[in-house]
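J.: structure for the following, please:
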Amino acid sequence: MLLIFFAETASQPFPSLHLSPPTAFTRRNGGSRFLHFLSLAESLLGNMNFDDVLVPEDHVSRSYNDTYYIDSQTVLRCHTSAHQAELLRRGYTQFLVTGDVYRRDSIDSTHYPVFHQMEGVRVFSLNDWEASGTDGTSFAADDLKKCLEGLARHLFGAVEMRWVDTYFPFTNPSFELEIFFQEKWLEVLGCGVMEQEILKRSDKENNVAWAFGLGLERLAMVLFDIPDIRLFWSADERFTTQFSKGKLGVKFKSFSKFPPCYKDISFWINDSFTENNLCEVVRGVAGDLVEEVQLIDSFTNKKKGMTSHCYRIAYRSMERSLTDEEINDLQWNVREQVQSKLNVVLR
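T.: Model (predicted):
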């Protein structure tokens, strides 16, 4: 049985955050049968990132708006599931993959263009399930749920749980595990019984397997009351030393709260405009000084056939107060870059 214990966060090519507190919660107790891969390449051919895990050709995750393309054939992986088929073909049958993943996304306290996932896979043979009196799929699903319920109890204590049916391209049936935590239902992870086609392509057509994936930062934010995902990338010792002992039960103690500064930007959009591209431009200028980008107004001029969007940008440093001059310079550069790179008309 897979037991997942507290580990510590990190990333590559950034400082190895999945190897340091507070997000590395993936270490198992004692001698585990699961091999743990921590440094697989983050740049992959598209067939590994999409085709190997049966992502449909028209799936939104394949678009340039959602995924970082290095060139037309190579991407920065957007999930650790991309390594499933590769490791299965190499003969591994019980393994964990932890690493950084990349997605174009919105800007707020829970989203960041790079974050960390842990993938778990376990393969079963006919001998494993034939004595149970159930079929392979049912056997794998039951084992998966028992394993992950144990993980949830270890992390959150004796909480109420529920399983929700869902859809993933690479598992069938597919589930999400939710726990009742702090008076609300919280999604912890996604999982399921691996699609047989993936096993067939890996020369394991007579086997069944389960797989799960979870986001380390999101889970750590809940466990340790961390309010902003940007903190995981901070080198401020007032943050990092709070988790240096690597133990569960620690709650983040805020060391400062600098005020935000809000600036609005309005423009006429074009047919190719997407909010993710706007966020990429803003983050490219302001980096971690941008806290949130939020659409606050939209209207269409029917006579001109044009639509205007107004976005409010919140600037805030996690470590110091920003000066008015800094904010004004950032906003000026944002306006210039938005106009030139997105080909929109500023208002």
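J.: mind listing the strands for the stretch 151-300 of the chain?
T.: 161-168, 171-181, 184-194, 208-215, 261-268, 290-301 (DSSP state E, counting those that start in this stretch).
J.: contacts for the third one next, please.
T.: Just to be clear, that refers to strand 184-194. Outside strand 184-194, the residues that touch it by Cβ atoms under 8 Å, 6 or more residues apart in numbering are 84, 121, 137, 140-141, 144, 148, 152, 162, 166, 168, 170-180, 208-214, 219, 222. Where you see a C-beta, it was placed from the backbone N, CA and C, and this is true even at glycine.
J.: mind giving me the domain ranges of the chain?
T.: For the chain, automatic domain parsing gives the domain ranges 4-243, 261-346.
J.: any chance of those in CSV with mean neighbour count as columns?
T.: CSV is the format used below for those (neighbours: other Cβ atoms under 10 Å):
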stretch, mean neighbour count
domain 4-243, 18
domain 261-346, 15
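J.: among those domains, which gets the worst mean confidence?
T.: Lowest mean pLDDT within these: domain 4-243, at a mean of 85.
J.: pop out the phi and psi values for the spatially closest residue to D135 that is not a sequence neighbour.
T.: The spatially closest residue to D135, leaving aside those adjacent along the chain, is W129, at 7.3 Å (Cβ to Cβ, 6 or more residues apart in numbering). Main-chain dihedrals, W129, degrees, to the nearest 10: phi -110, psi -10.
J.: any idea how far V193 is from W129?
T.: According to Cβ to Cβ, to the nearest Å, W129 stands 12 Å off from V193.
J.: who touches both of these two?
T.: Among the neighbours of W129, those also in contact with V193 (Cβ under 8 Å, 6+ apart) are 140, 208.
J.: quick one on the thing from earlier: nearest to F232, of the strands of the stretch 151-300 of the chain?
T.: Nearest to F232, of all these, is strand 208-215, at 11.5 Å by Cβ to Cβ.
J.: what sits against V164?
T.: 175-178.
J.: ok, 6 Å please
T.: By Cβ atoms under 6 Å, 6 or more residues apart in numbering, V164 lies in contact with 176, 178.
J.: ditto for F168
T.: Here F168 is in contact with 174, 192 (Cβ under 6 Å, 6+ apart).
J.: quickly list what it is bridged to.
T.: Note on F168: beta-bridge partners by DSSP bridges are T171.
J.: one more: Y102?
T.: V114.
J.: which SS class is K146?
T.: helix (DSSP: H, G, I helix; E, B strand; the rest coil).
J.: heads up, I number from 5, so please use that
T.: From this message on, residue numbering opens at 5, which makes the last subject K150.
J.: if I look at it, how far off is N176?
T.: Plainly put, K150 is 19 Å away from N176 if you go by Cβ to Cβ.
J.: in the stretch 5-154 of the chain, which spans are helices?
T.: Residue ranges of the helices in the stretch 5-154 of the chain, as given by DSSP state H, counting those that start in this stretch, are 50-53, 88-93, 130-133, 140-160.
J.: related to what we said a few turns ago, out of the domains of the chain, flag the one nearest F259.
T.: domain 8-247 (4.0 Å).
J.: just how off-centre is that closest one within its chain?
T.: With Cα atoms, centre = their mean, to the nearest Å as the basis, domain 8-247 stands 9 Å off its chain's centre.
J.: now do stretch 241-256
T.: Offset of stretch 241-256 from its chain centre (Cα atoms, centre = their mean): 22 Å.
J.: what comes up buried for stretch 247-255?
T.: 247, 250, 254 (16 or more other Cβ atoms under 10 Å).
J.: so the closest residue to D207 other than its chain neighbours versus L42, what's the distance?
T.: Among residues not flanking D207 along the chain, R93 sits closest, at 7.1 Å (Cβ to Cβ, 6+ apart). To L42, R93 is 20 Å away according to Cβ to Cβ.
J.: separation between the residue nearest to K255 when sequence neighbours are not counted and A290?
T.: In this structure, K255 finds its nearest non-sequential neighbour in D229, 4.8 Å apart by Cβ to Cβ, 6+ apart. As judged by Cβ to Cβ, D229 and A290 stand 26 Å apart.
J.: with L334 instead?
T.: Applying Cβ to Cβ, the value for L334 to A290 is 5 Å.
J.: before we move on, what about S260?
T.: 19 Å.
J.: now swap in Q246 and tell me
T.: Distance from Q246 to A290, by Cβ to Cβ: 26 Å.
J.: same deal with N51?
T.: 35 Å.
J.: also Y116?
T.: 14 Å.
J.: residue with max distance from the center of this protein?
T.: K307 (42.2 Å; Cα atoms, centre = their mean).
J.: now do the contacts for A145.
T.: Counting by Cβ under 6 Å, 6+ apart, A145 makes contact with V197.
J.: of all the strands of the stretch 155-304 of the chain, which lies closest to N280?
T.: For N280, the closest of the strands of the stretch 155-304 of the chain is strand 294-305, at 10.2 Å, according to Cβ to Cβ.
J.: could you identify the helix or strand that succeeds that closest one?
T.: Sequence order places strand 310-319 as the next helix or strand after strand 294-305, per DSSP states H and E.
J.: what packs against that next one?
T.: Here strand 310-319 is seen to pack against strand 265-272, strand 294-305 when contacts are counted using 3 or more Cβ pairs under 6 Å, 6 or more residues apart in numbering; DSSP states H and E.
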